[in-house]
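Novice: Structure of the sequence below:
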Amino acid sequence: DDWSPEIDRVVRWASTLLAPMTAEAPYNQGKVGPLSQLPHYAERFIGFPSAKELYETVDDQRQGVPLDPAFSNLASRIAPYMSFNQIDYILRVRPSWDWQPADLRRLRYVYSVKKKVFDISE
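Specialist: Below you'll find the predicted structure:
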């Protein structure tokens, strides 16, 4: 008789612990495009190249013609927002003399920071 409240509490705790749970309904996000194409965000992306434009410019391999200085500067300024693989790609595709020296230093710095973060995360 002295132990009945404790036994009742343990039985209720065990039934809560072992009872089946209802599964959450799967989250359906629907079709969402890039932020730059949504009217609310479009004005924030004016002047920034899309990934397609960035890759097309970097892949344009005219021999002996360096990158446009304005594009070189823009690519180095948006580098912190790019993924590690994107920065790795643009550094591998174009030789170092195609970039402006200050922009190349910035790209390499962002690359090294992202590489360290990538190494730590594994």
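
Novice: Just the mean pLDDT for stretch 69-85, thanks.
Specialist: Stretch 69-85 carries an average pLDDT of 91.

Novice: Now do that stretch: everything it contacts.
Specialist: Stretch 69-85 has contacts (CB atoms under 8 Å, 6 or more residues apart in numbering) with 48-49, 54, 57-58, 66-67, 87, 90, 98-100, 102-104, 106-107, 110-111, 114-115, 117-118. C-betas here are computed from N, CA, C, even on glycine.

Novice: how about stretch 81-98: buried residues?
Specialist: For stretch 81-98, a neighbour-count test (16 or more other CB atoms under 10 Å) marks M82, Q86, I87, Y89, I90, L91, R94, D98 as buried.

Novice: Same check on stretch 47-61?
Specialist: Across stretch 47-61, burial judged by 16+ other CB under 10 Å covers L54, T57, V58.

Novice: Over to stretch 33-50?
Specialist: Across stretch 33-50, burial judged by 16+ other CB under 10 Å covers no residue at all.

Novice: centre of the chain versus it, how much separation?
Specialist: Relative to the chain's own centre, stretch 33-50 is displaced by 16 Å; criterion: CA atoms, centre = their mean, to the nearest Å.

Novice: tell me how far the ends of that stretch are from each other?
Specialist: Using CA to CA, to the nearest Å, one end of stretch 33-50 lies 13 Å from the other.
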